[in-house]
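Participant: this is a predicted model, with the sequence first.
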Amino acid sequence: MVWRNNKKIERMIDRVGVNHATTATCFCDIHDDEVFAPIEKGAPAFDKDSDEHKYIYAYKAFIFEYYKKLVEQKVSRENITNTPSLLKTPQYIQYYRAISITLEEMNEVKRFFDKGIVNKDYSGLETCVIEIPERINFATYSCIAIDFDLTGKKIRHTKRGFISRLFITIFPEETKSYILLSCLREDIKVYKKFFQQLQTTNLEKVKYYFDLILPLYTENNVLSPRLWENWSEEQQMGYTFFANRKGTQFLLYKQILKFGIYNLRKKDNGFEKGKRGKLDLFE
């Protein structure tokens, strides 16, 4: 959701070419090719033992979100310049401050990634790799802080105002797919138990967990036309609805989500295809 002329504009799902959808627009073509060459088209398949692959996927997830926040801040400043009365709107001031604080935090992370990319030093991350034995019909690049683990328990990711974020990448390859979750090594104490849950829980339940999390938590989901067109109009509208929940509405639906996950803590079976729920990204 974005602000324009003091009004909230809801984002709809757009049809775009696959290259445009997965390209980091914050780079020119030369630097995009240079930085992401090890994981882009024509590169070898993902190697779960390659620190370079995991590092660059995490960087891509981070830089998508970082650039989006930079653009939000720029648009917000332009709105204030064009409409000074926005400074009298508490909700808008809160929105602008939140963006500025987030960028302050993310600048620290950017310095970490910049140093690693320049020096080809791919250490400093911890990555949980989940392999899916089939090709899925969507991809995700997100830098977010997930609030609940697979039992509905709160993940304590914020300390003294600083948020420890996850760099999440989900993507298909020719015959299989991967879910990658990375965090800074200094943040592994926050996510270690969550990573262990993901690697030891029934894969179908893990899929269901991400079915619940992704539509609400991230806008950086790329859906194949095969998946989107296979959904009913009700499913398409439901996905669009959750993707646009921000602010107080996001907080409300996050609490509903918490209870949904918590109720599943003792259930390990019954999450096969067709049974996971109406918004099944992995169908």
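Facilitator: The structure has been received and is ready for your questions. Numbers count the residues shown, from 1 in each chain.

Participant: which parts of the stretch 51-200 of the chain are helices?
Facilitator: 51-82, 90-119, 188-200 (DSSP state H, counting those that start in this stretch).

Participant: so what does the first one touch, helix or strand wise?
Facilitator: Applying 3 or more C-beta pairs under 8 Å, 6 or more residues apart in numbering; DSSP states H and E, one finds that helix 51-82 contacts strand 2-4, helix 29-36, helix 90-119, strand 125-132, strand 138-144, strand 166-172, strand 177-184. Where C-beta positions appear, they are placed from N, C-alpha and C, glycine not excepted.

Participant: out of these, the one nearest K153 is which?
Facilitator: Taking C-beta to C-beta, strand 166-172 is the member of the helices and strands packed on helix 51-82 nearest to K153, at 15.8 Å.

Participant: that closest one vs helix 51-82, what angle?
Facilitator: If you take axes from the mean of the first three to the mean of the last three C-alpha atoms, to 10 degrees, strand 166-172 sits at 110 degrees to helix 51-82.

Participant: ok, residues contacting strand 166-172?
Facilitator: Strand 166-172 is contacted from outside by 46, 57-62, 125, 135-146, 177-183, 191, 210, 214, 218, using C-beta atoms under 8 Å, 6 or more residues apart in numbering.

Participant: and for stretch 114-122?
Facilitator: Applying C-beta under 8 Å, 6+ apart, the contact partners of stretch 114-122 are 35, 51-52, 54-56, 59, 123-124.

Participant: pLDDT value on the nearest residue to D149 once chain neighbours are set aside, please?
Facilitator: What sits nearest to D149 in space, not counting adjacent residues and going by C-beta to C-beta, 6 or more residues apart in numbering, is F194, at 4.7 Å. Predicted confidence (pLDDT) for F194: 97.
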